[in-house]
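Visitor: with the sequence up front, the predicted model follows.
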Amino acid sequence: MLHGQFLDAQPYGSGHINDTFVARFDQSGAPVRYIFQKINQNIFKDVAALMDNIERVTSHASRRAKEKGADASRRALTLVPTRDGRSHLNAAGGHAWRCYLFIENARTYDIVETPSHAREAARAFGTFQGLLNDLPGGRLRETIPDFHNTRKRFENFQRALAADAHNRAANARDEIDFALKSESMVDVLLNLQKSGAIPERITHNDTKINNVMLDDATHEGICVIDLDTVMPGLALYDFGDMVRSATNSGAEDERDLSKISMRMPFYEGLVSGYLSAAGSFLNEAERAHLAFSGKLITFEIGLRFLTDYLEGDVYFKTKRPGHNLDRCRTQFALARSIDSQQSAMETITTRIANKETSQ
Ligand code: ADP
Ligand code: GN1
Ligand code: MG
């Protein structure tokens with residue numbers, strides 16, 4: 001339970017969904033930090049189910065860290081319970097809040113600085129997936145149904161385009177054309193799943209690079225955070241979002257598209273880090289689609305930004321007019337860059353995968 005005298009609190013991080021704050025409490029003369037989050041209930045409709053998932057996942061991760069003799073409070077998120085022992089607080093105004101121990105001497109990166117950061121981040125996400133392979137207690141709840149169902153995401157986009165409720169389609173002609181021309185991509189992983197070629201697993205589903213904390217001193221990926229979307233999914237959704245967020249040479253909302261490209265050394269870092277942790281449980285079809293998943297998820301998130309732009313910016317937090325359209329343009333530029341390098345990415349993937357299995 002939280003104790004000490006409240007000192008101050010400030011907004012923290014650059015997430016698009018929840019409201020995150022860092023708060024300091026005086027504990028015996030020393031300031032101690034905590035993370036407080038107001039859960040976005042427009043998006044997460046069933047907070048009790050969401051928090052039940054998070055309690056199960058964090059206690060499993062912490063148990064495993066302890067078994068390995070590691071410092072569990074740095075290797076897993078630790079929920080700070082309310083005074084009456086609950087995982088979250090239903091506060092005035094209908095807002096739901098939760099609190100985590102602050103992980104000190106580690107940080108997240110919005111843009112990955114070196115290929116070895118990419119490797120460490122991917123290793124941490126791969127280890128996290130491995131950890132979830134034997135999560136006790138049955139299937140996790142789907143906090144956002146069809147989260148990565150790219151066919152449904154495409155249909156949502158078509159609906160938003162047909163309605164054009166804010167008369168914005170005219171500003172996004174090129175992006176709309178690109179989206180419509182890319183339709184054939186959207187069923188590839190869904191069909192592989194349907195045919196049984198790739199299995200459902202428990203996945204993170206939001207493996208944006210700023211959702212993993214790297215140790216300040218060693219740069220090791222120590223803790224996967226932002227667990228709201230941990231639920232049944234495909235391993236490739238996680239790898240794809242790592243490619244989208246870690247190989248990009250620019251920011252997610254960069255307006256100068258000449259700065260956007262897929263950086264191959266960072267891709268190599270991702271594949272080697274990810275396979276070092278997940279190589280033992282991924283099947284052939286999953287390995288064969290690692291490069292493709294990067295293109296698909298980059299396209300999918302671009303499509304979601306475009307849909308939100310057309311719908312009047314109702315989902316992602318925005319900081320300026322046209323912000324979602326800028327984000328969409330960046331994702332589509334990156335998807336094109338991945339497309340033009342896909343065969344080279346596949347060659348590299350095979351080389352690293354072969355090295356992994358021969359070790
Ligand atoms: P959002 O859903 O808004 O993305 P996150 O859970 O990712 O929220 O938190 C936002 C940011 O706050 C993260 O990118 C990270 O920098 C920081 N953060 C979150 N949890 C912790 C923690 N337990 N310790 C330290 N920093 C944290
Ligand atoms: C959101 O919460 P945050 O900022 O880590 C979004 C992801 C998107 C991402 C794009 C629940 O993630 O799906 O990929 O923005 N999360 C949700 O930056 O929709
Ligand atoms: Mg986040």
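Guide: Sure thing, it's come through. Residues are numbered from 1 along each chain as shown. Ligands and ions are numbered 1, 2, ... in the order given.
Visitor: and what about the residue of the stretch 51-200 of the chain at minimum distance from ligand 2, helix, strand or coil?
Guide: With C-beta to the nearest ligand atom, the shortest gap between the stretch 51-200 of the chain and ligand 2 falls at residue 144, namely 6.3 Å. All C-beta atoms are positioned from the backbone trio N, CA, C, and that covers glycine. Secondary structure state of residue 144, per DSSP: H, G, I helix; E, B strand; the rest coil, is coil.
Visitor: then residue 119?
Guide: Under three-state DSSP, residue 119 comes out as helix.
Visitor: returning to that earlier point: any idea how far the residue of the stretch 51-200 of the chain closest to ligand 2 lies from residue 87?
Guide: 19 Å (C-beta to C-beta, to the nearest Å).
Visitor: with neighbour numbers in mind, choose between these two.
Guide: residue 87 (18 against 15; other C-beta atoms under 10 Å).
Visitor: contacting residues for the more buried one?
Guide: Contact partners of residue 87, counting by C-beta atoms under 8 Å, 6 or more residues apart in numbering, are 51, 52, 54, 55, 79, 81, 98.
Visitor: avg pLDDT for the helix or strand hosting residue 296?
Guide: Residue 296 belongs to helix 290-311 when assigned by DSSP states H and E. Confidence over helix 290-311 (mean pLDDT, whole number) is 98.
Visitor: same question for stretch 45-60.
Guide: The model assigns stretch 45-60 a mean pLDDT of 97.
Visitor: in it, what counts as buried?
Guide: Neighbour-count burial for stretch 45-60, with 16 or more other C-beta atoms under 10 Å as criterion, is recorded at 47, 50, 51, 52, 53, 54, 55, 56, 57, 58, 59, 60.
Visitor: and what of stretch 81-98?
Guide: 81, 82, 87, 88, 89, 96, 97, 98.
Visitor: name the SS class of the first one, please.
Guide: Here residue 81 is coil, with the state taken from three-state DSSP.
Visitor: help me confirm that it comes into contact with residue 1.
Guide: Yes: the criterion here is C-beta atoms under 8 Å, and residue 81 meets it with residue 1 at 6.3 Å.
Visitor: not counting sequence-adjacent ones, nearest residue to the most centrally placed residue in the chain?
Guide: Geometric centre of the chain, nearest residue: residue 206, 1.9 Å, by C-alpha atoms, centre = their mean. Setting aside the residues directly before and after it, residue 206 is nearest to residue 229 in space (C-beta to C-beta, 6 or more residues apart in numbering), at 4.6 Å.
Visitor: can you check residue 168 too?
Guide: Residue 168 sits nearest to residue 310 (C-beta to C-beta, 6+ apart), 5.6 Å away.
Visitor: state the distance from that neighbour to ligand 1.
Guide: Between residue 310 and ligand 1 the distance is 23 Å, computed by C-beta to the nearest ligand atom, to the nearest Å.
Visitor: same question for residue 333.
Guide: For residue 333, the distance to ligand 1 - C-beta to the nearest ligand atom - is 23 Å.
Visitor: need the pLDDT of whichever residue of the stretch 151-300 of the chain sits closest to ligand 3.
Guide: Across the stretch 151-300 of the chain, the shortest distance to ligand 3 (C-beta to the ion) belongs to residue 226, at 3.7 Å. pLDDT, residue 226: 97.
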